[in-house]
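>>> next come a sequence and a model predicted from it.
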Amino acid sequence: MGRHSLPDAYAREERGDASPKRRRRTIVIATLLVLAVATGTGVAVEGGLLSFSESCADSAVRLFVAASPDIAPAIGAIAEQTRVDEVRSGGRCLDVEVVARDSYKVADALAGGGETPGFQIWLPDSDLWLDRAEGLGTGIPISPSDSVASSPVGLAMVPSAARRLGWPRKTYSWAEVVTAALRADRVRLGAADPARSATGLLALTSIAASSEQQGGDSGTRVAETAKVLAERMSDSDAQMLETLARSGSGAEEGNPRRNQAVLVSEQAAFTHNAEAADSGELDLFYPEDGTPLLDYPYTLVDEERLTLAQSRAALRFMTLLSDESSRAVFARHGFRPADREAEDTVVASAGDRFPQPYAAPAAEAPSAKELQEALGMWTITVQSARLTTVVDASGSMSTPVPGRDRSRMDVTQESLIQALTQFTPDDEIGLWEFATALDGERDYRELMPTRRLGDPAQGGSTHREKLSAAFAGLQPVPGGATGLYDTALASYQEARSTYRKGKFNALVILTDGSNQDEDGISRSALIARLQELADPERPVPIIAIAVGPDTDREEVAQIARVTGGDGYEVSDPVEIQAVILRAIVSAGQNGRAAQE
């Protein structure tokens, strides 16, 4: 299957009005400014107009910053200079400690809630992690502000491979340069895992958008590209750069285990080239249809728990990161300013030459939907799925959807059929339905076994075609109530007993109401039984989707979480496809984290 994505990351900025993210950032800045002047002397102190007699050691305000590993050295250098210069906030010196933390790990930790993190400021490498961190809104709150630096994403190659593709004079779109690199195995291409790397995800999304502009069967082309990338995937950008071919004596053409090209940020190429010998430097392609940006948003963590002194110090440090001396520090570390203005020394050191379009405007940030689709396709491609879909067929599924001339079941059918197109022939999917007394005394029955979508079926069709027809044939049972708990237990036992090693196994339950079968198992007994059955070595997370405005997400979430899954709520069944994709990615990531 490919990987199903996570991040509902970027939101496009609408013309004529600020985006929700831009508005919330403006509010954060305004709040900090109010705090800065709250004591009446804030403005004078921030400008260094007052003198202070007490020593820094006695008065320092300490802040901890968790920064993406690529930008952490630059932030650390600026923080050190503030200590040397005894920069003050509210009459107290700043003491800023910087630790390098992978953005995806911080995002997942914040989304999960739990213990208060040991840092007040977070500097991820991309906006896309903010939405993952916000998750279902039950984690540790964050307050993003403006970007402090930027770096475009491109395609770096060892010199021999770049020359074969016509660098620097030959320019390509994203789809063209990747196709040219992969054609006839001309160039061995690697990427960081898009589920863990903003660089990998933004590049994959750009490839998908560019391929769609070419027309034809773009989905197949992108899936084929993802499959190739998955075979040469690294967990992080740093690890991916370590896979590059060594220079000299034809080594760039030799070892088939080593990559000749990588999807990378300009800053990463800059750092690599600074540490490499002349013959080991990379050349960088900037696709002509626009490069996406890493944008490093300055983000407060659990702002309400910050003291006044910490809030003012956080504002002071944020302003320091945008001054001229800090811009020079960022440039020395290979970053562009937040406004993306190309610096000749940075660009040249990163491996660019004219006429590569390094100064062209950045590509429009991908929407949440585009990111979701790209990461979903990646998940499906990288690891095949084995999913049993369990659909509520109670009478209430005939309720009309507000604003539509369709019932909940009608729209659910359409969404499931559409979601089916996201899966490959190697994915295994089955179908159950449930309602009270549906099959004798049982509240559930299997309509289609969980099999490979590409397997042949009777009549010359495939399992995919039969399953699609089964989705279309789902009908509400007049008067049927929701026998959720007995169904959840039975379907989980079946999914667990038919577990397939090497696949992403999960149970997807869609319901529009709570359990209404008084004769069946209780919720507490169900949860206890699921806890007994759940096996971390053979994980089968339940993905429970509450459909409609009258459902209780928390009820189904409690059931799902004991298996490593979670509960989701959709007010309109048309949202089911996107939620399934996001939920599979989230559950898959939780499984990987548990195994590590």
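Arrived safely, thanks for sending. Computed from a predicted model, the values in this text were never measured in an experiment.

>>> pretty sure residue 513 contacts residue 482?
Yes. Contact criterion Cβ atoms under 8 Å: residue 513 and residue 482 qualify, at 4.5 Å. C-beta here means a position set from N, CA and C on the backbone, and glycine is covered the same way.

>>> common neighbours of these two, please.
Residues touching both residue 513 and residue 482 by Cβ atoms under 8 Å, 6 or more residues apart in numbering: 392, 394, 396.

>>> report the helix or strand with the lowest average pLDDT across the chain.
strand 2-3 (a mean of 34; mean pLDDT, DSSP states H and E).

>>> circling back: tell me which of residue 513 and residue 482 has more neighbours.
The neighbour count for residue 513 versus residue 482, taken as other Cβ atoms under 10 Å, is higher for residue 482 (24 against 21).

>>> wait, isn't the more buried one in contact with residue 433?
No. Look at residue 482 against residue 433 with Cβ under 8 Å: they stay out of range, at 11.7 Å.

>>> identify the contacts common to the two.
residue 392.

>>> residue 269: which of the shared contacts of residue 513 and residue 482 is nearest?
Of all the shared contacts of residue 513 and residue 482, residue 392 has the smallest distance to residue 269: 51.2 Å, by Cβ to Cβ.

>>> how much space separates that closest one from residue 209?
From residue 392 across to residue 209, the span is 36 Å (Cβ to Cβ, to the nearest Å).

>>> please say which of the two ends up with more neighbours.
Legend: neighbour count by other Cβ under 10 Å for residue 392 and residue 209, higher for residue 392 (30 against 22).

>>> who's that one bridged to?
Bridge pairing for residue 392 (DSSP bridges) gives the partners residue 434.

>>> that one is in contact with residue 512, isn't it?
Yes. Using Cβ under 8 Å, residue 392 is in contact with residue 512, at 5.6 Å.

>>> what is in contact with these two at once?
Residues within reach of residue 392 and of residue 512 at once, by Cβ under 8 Å, 6+ apart, are 482, 547.

>>> residue 172: what secondary structure?
Following DSSP: H, G, I helix; E, B strand; the rest coil, the label given to residue 172 is coil.

>>> now do the contacts for it.
By Cβ under 8 Å, 6+ apart, residue 172 lies in contact with 165, 180, 285, 287, 288.

>>> dump these into TSV; add distance to residue 370 and pLDDT as well.
TSV is the format used below for those (distance: Cβ to Cβ, whole Å; pLDDT from 0 to 100):
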residue	distance to residue 370	pLDDT
165	27	90
180	23	86
285	22	95
287	16	94
288	19	92
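
>>> okay, and for the stretch 401-550 of the chain, where does confidence drop off?
515-518, 550 (pLDDT under 70).

>>> all helices of it, in order?
408-420, 463-472, 484-497, 523-533 (DSSP state H, counting those that start in this stretch).

>>> quick one: the helices in the stretch 51-200 of the chain?
For the stretch 51-200 of the chain, the helices defined by DSSP H, counting those that start in this stretch cover 56-59, 72-84, 103-112, 128-134, 159-164, 174-182, 198-214.

>>> can you redo those helices as JSON lines with distance to residue 261?
Listed next are the helices of the stretch 51-200 of the chain as JSON lines, based on distance: least, Cβ to Cβ, whole Å:
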{"stretch": "helix 56-59", "distance to residue 261": "49"}
{"stretch": "helix 72-84", "distance to residue 261": "26"}
{"stretch": "helix 103-112", "distance to residue 261": "23"}
{"stretch": "helix 128-134", "distance to residue 261": "23"}
{"stretch": "helix 159-164", "distance to residue 261": "6"}
{"stretch": "helix 174-182", "distance to residue 261": "5"}
{"stretch": "helix 198-214", "distance to residue 261": "11"}
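
>>> between the ones you listed, which has the poorest average model confidence?
Of all the helices of the stretch 51-200 of the chain, the minimum mean pLDDT falls on helix 56-59 (a mean of 77).

>>> okay, buried residues for it please.
By neighbour count on 16 or more other Cβ atoms under 10 Å, the buried set for helix 56-59 is residue 59.

>>> mind giving me the packing neighbours of it?
Counting contacts by 3 or more Cβ pairs under 8 Å, 6 or more residues apart in numbering; DSSP states H and E, helix 56-59 packs against strand 92-100.

>>> report the angle between the strand it packs on and helix 72-84.
On the basis of axes from the mean of the first three to the mean of the last three Cα atoms, to 10 degrees, strand 92-100 is oriented at 160 degrees to helix 72-84.

>>> per-domain residue ranges of the protein.
Domain ranges of the chain: 2-149+295-340, 152-294, 383-595, per automatic domain parsing.

>>> redo the ones you listed as JSON lines? Include distance to residue 355.
Shown next, in JSON lines, are the domains of the chain (distance: least, Cβ to Cβ, whole Å):
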{"stretch": "domain 2-149+295-340", "distance to residue 355": "19"}
{"stretch": "domain 152-294", "distance to residue 355": "6"}
{"stretch": "domain 383-595", "distance to residue 355": "39"}
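
>>> now the strands for the stretch 251-400 of the chain?
Using DSSP state E, counting those that start in this stretch, the strands found in the stretch 251-400 of the chain span residues 261-265, 283-285, 293-294, 297-301, 385-392.
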